[in-house]
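# everything below, folded, please.
(chains A, B, C and D)
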Protein chains: 2
Amino acid sequence: MPTDQDYLSQLQDYYADHRALPSLASLGQLVGLRSKSSAAALANRLKLAGYLTTTPDRRLAPTEAFFARPVVDTVRAGLPQPANDAGFDGLAIDSYLVARPSRTVLLVVKGDSMVEAGLMEGDHIIVDRAQPAAMGDIVVAIVDNEFTVKYLAKDKRGIFLKPGNPAYPPIRPQGELEIYGVVTGSFRKYR
Amino acid sequence: MPTDQDYLSQLQDYYADHRALPSLASLGQLVGLRSKSSAAALANRLKLAGYLTTTPDRRLAPTEAFFARPVVDTVRAGLPQPANDAGFDGLAIDSYLVARPSRTVLLVVKGDSMVEAGLMEGDHIIVDRAQPAAMGDIVVAIVDNEFTVKYLAKDKRGIFLKPGNPAYPPIRPQGELEIYGVVTGSFRKYR
DNA sequence: AAGCTTATAGAACGTTCGTTCGATTGCTCG
DNA sequence: CGAGCAATCGAACGAACGTTCTATAAGCTT
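As a prediction, the model looks like this:
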């Protein structure tokens, strides 16, 4: 007899295929329940368990937990890795990194002026164009018609751009400092 | 007058909020179209453009392109830069980072032993458990029952783990070196 | 200005949705 | 065996769905 976990796995597979959840009728058909009310009961159980929600128009929608994958701890646990991996859904990364897609832009890092912040040449940074910048944030500013990624800093002489690398000097804007956006994340691919 | 790109942005934000797409009626209300047929026409245009599909039960579903974020060039182009403009390269973060979902696991970096590789404490790394490790790769190995992230290296004395930080010594395995997986990417969130 | 094209509105349609409720099934335990 | 219970079924319901069609409004062309 299948458990709710099994059903959840099937739903996750369905989501991986279609990037959407089925209707209750289709859900029933998918997991082998013949009546819609049974499917509704299942959906309610999964809602209770925190895997599903409903959208404003009462459709099923996954929650964060629906995508959650075991983030393995650094210290190995006694047991071997839980094998219930129904498959990692990359979307978790997407929604983790990007809060407002329409205001988000990607940029590729040039140079090593932010190595202290862990930003290396070729890294992709996630830039939120709408978020207001605060002191200490990593920002994308426009200097001499070029994008530059630096810390936003302030001292008695005013606001300036501080590189995350002692080999580079701070940049003090002539007039107004034009900030393109705030860096909210970064990612990188090896190989 | 809003373009289809504007509408797409609104849909992307809706998806970021609910992890599902709205019905045609809700879509119309969302973007300010008063009739369902207009919303249907919009949906068809976005389908034609490759951003949307339909599930087996005729619901709207996003495609791969739907998740792509624009990548802007480091050098600012002459024109002011709209956040969402066709013609820029798009990149879907998740599928870029995760090639084989079912064999991929996330890990959180502890310590600073790989700073040279741009891996800082708290970063998430993407680990492919199935990929064979080659020399020079960043690997997750199991040493003293703990996960450790290091370069895989080899010299005349044999295979060893090389930290990306001169403050740490190389690790030479007693017997067999147990490799958990290969690091294929990493990501990090600021703030 | 008139005529044409395109986009949107609005209404009608049969279908499918999610919900509800009583009937039925299958299992447990005395 | 048979009563009790929980899960599932199956049918019914109004609401909402996506589709289709025609009418209206807005833009262009000439």
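# any stretches of chain A with poor pLDDT?
A:1, A:69-70, A:72-91 (pLDDT under 70).
# buried sites along the longest helix seen in it?
The single longest helix within chain A, with elements called by DSSP state H, is helix A:4-18. For helix A:4-18, the neighbour count (16 or more other CB atoms under 10 Å in any protein chain shown) marks A:7-12, A:14-16, A:18 as buried. The C-beta positions use only the backbone N, C-alpha and C, and glycine is treated the same way.
# quick one: which of the residues you listed is nearest to DNA strand D?
Of all those, the one with the least separation from DNA strand D (CB to the nearest atom of the strand) is residue A:7, at 9.2 Å.
# sorry, back to before: the longest helix of chain A and DNA strand C, any residue contact?
No - against DNA strand C, helix A:4-18 shows no contacts by CB under 7 Å from any atom of the strand, the least distance being 12.8 Å.
# show residues contacting that helix.
Helix A:4-18 has contacts (CB atoms under 8 Å, 6 or more residues apart in numbering or on different chains) with A:21-22, A:27, A:30-31, A:42, A:45-46, A:49, A:51, A:62, A:66, A:84, A:86-87, A:89, B:53, B:55-56, B:61, B:101.
# partner strands of the longest strand along chain A, with direction?
Selection of the longest strand in chain A by residue count, based on DSSP state E, yields strand A:178-189. In the sheet, strand A:178-189 lines up against strand A:124-128 (antiparallel), strand A:138-143 (antiparallel), strand B:178-189 (antiparallel) (DSSP bridges).
# give me whichever of those strands is most buried.
strand A:124-128 (a mean of 24; mean count of other CB atoms under 10 Å in any protein chain shown).
# restrict it to CA atoms and write it as CSV.
Output of strand A:124-128 as CSV, limited to C-alpha atoms (Å, rounded to 0.1, in the frame of the first residue of the first chain):
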residue,chain,number,x,y,z
HIS,A,124,27.6,35.0,-12.4
ILE,A,125,26.1,37.5,-10.0
ILE,A,126,22.4,38.1,-9.4
VAL,A,127,21.5,41.7,-9.5
ASP,A,128,18.3,43.2,-8.1
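# and the residue nearest to residue A:26 when sequence neighbours are not counted, what is it in contact with?
Residue nearest to residue A:26 in three dimensions, not counting chain neighbours: residue B:57, with 5.1 Å by CB to CB, 6 or more residues apart in numbering or on different chains. Counting by CB under 8 Å, 6+ apart, residue B:57 touches A:22-23, A:25-26.
# and those residues, which are buried?
A:22-23, A:26.
# need the residues you listed in JSON lines (columns: distance to residue B:37 and secondary structure).
Shown next, in JSON lines, are the buried ones among the contacts of residue B:57 (distance: CB to CB, whole Å; DSSP: H, G, I helix; E, B strand; the rest coil):
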{"residue": "A:22", "distance to residue B:37": "25", "secondary structure": "coil"}
{"residue": "A:23", "distance to residue B:37": "22", "secondary structure": "coil"}
{"residue": "A:26", "distance to residue B:37": "25", "secondary structure": "helix"}
